[in-house]
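> What shape does this take:
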Amino acid sequence: METKYYVEFLRDLLSPDESVRTEASDRVQDFVNLLSGTQARVVGDLIAMLAPRAESRVALEALLHALSDLDGCGKLEDVDRSPLREIPESAIHVEHREYMDEFAPR
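Sure, this is the predicted structure:
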């Protein structure tokens with residue numbers, strides 16, 4: 001992915017506006033195959049760190065889905081998923097359970 005677009009995406013992912021962050025998470029599936037290994041690792045690490053701090057169920061689902069998209073393309077192997085353990089159990093709802101079960105064995 002071109003650096004210009006990648007940096008814009010990272011800015012959106014770190015936006016103070018939750019709706020912008022959620023929309024950025026949803027866009028991962030559109031360009032996951034364009035990410036270099038390093039870009040995918042940085043995005044994955046960032047998303048894993050953001051997930052425990054998601055402010056809504058929708059935002060958390062978008063972040064977990066983005067990680068799943070990375071995983072589906074084989075680009076999650078070098079990502080540190082340990083921050084996902086910081087997601088409070090009370091924040092994990094039925095729509096998040098499949099993702100959490102998918103990442104738990106790792």
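> for the protein, where's the lowest mean pLDDT among helices and strands?
helix 94-103 (a mean of 77; mean pLDDT, DSSP states H and E).
> which strands and helices sit next to that one?
Helices and strands touching helix 94-103, by 3 or more C-beta pairs under 8 Å, 6 or more residues apart in numbering; DSSP states H and E, are helix 57-72. The C-beta positions use only the backbone N, C-alpha and C, and glycine is treated the same way.
> Can you mark which positions in the helix it packs on are buried?
59-71 (16 or more other C-beta atoms under 10 Å).
> chain center to the least confident helix or strand of the chain, what's the gap?
13 Å (C-alpha atoms, centre = their mean, to the nearest Å).
> got the angle for that helix vs helix 57-72?
Between the axes of helix 94-103 and helix 57-72, defined by axes from the mean of the first three to the mean of the last three C-alpha atoms, to 10 degrees, the angle is 30 degrees.
> which parts of helix 94-103 are buried?
Buried-residue list, helix 94-103, by 16+ other C-beta under 10 Å: H96, Y99, M100, F103.
> Stretch 70-88 now?
L70, D71, K75, L76, V79, R81, P83, L84, I87.
> How about stretch 29-44?
Result for stretch 29-44 [16+ other C-beta under 10 Å]: buried residues V32, L35, Q39, A40, R41, V43, G44.
> residue ranges for the helices of the protein, please.
Listed in chain order, the helices of the chain (DSSP state H) span residues 3-13, 18-31, 37-50, 57-72, 94-103.
> If you average pLDDT over each of those helices, which is lowest?
Among the helices of the chain, helix 94-103 has the lowest mean pLDDT, at a mean of 77.
> which residues touch that one?
Helix 94-103 is touched from outside by R57, L60, E61, L64, H65, L67, S68, D71, R81, L84, I87, I92, with contacts defined as C-beta atoms under 8 Å, 6 or more residues apart in numbering.
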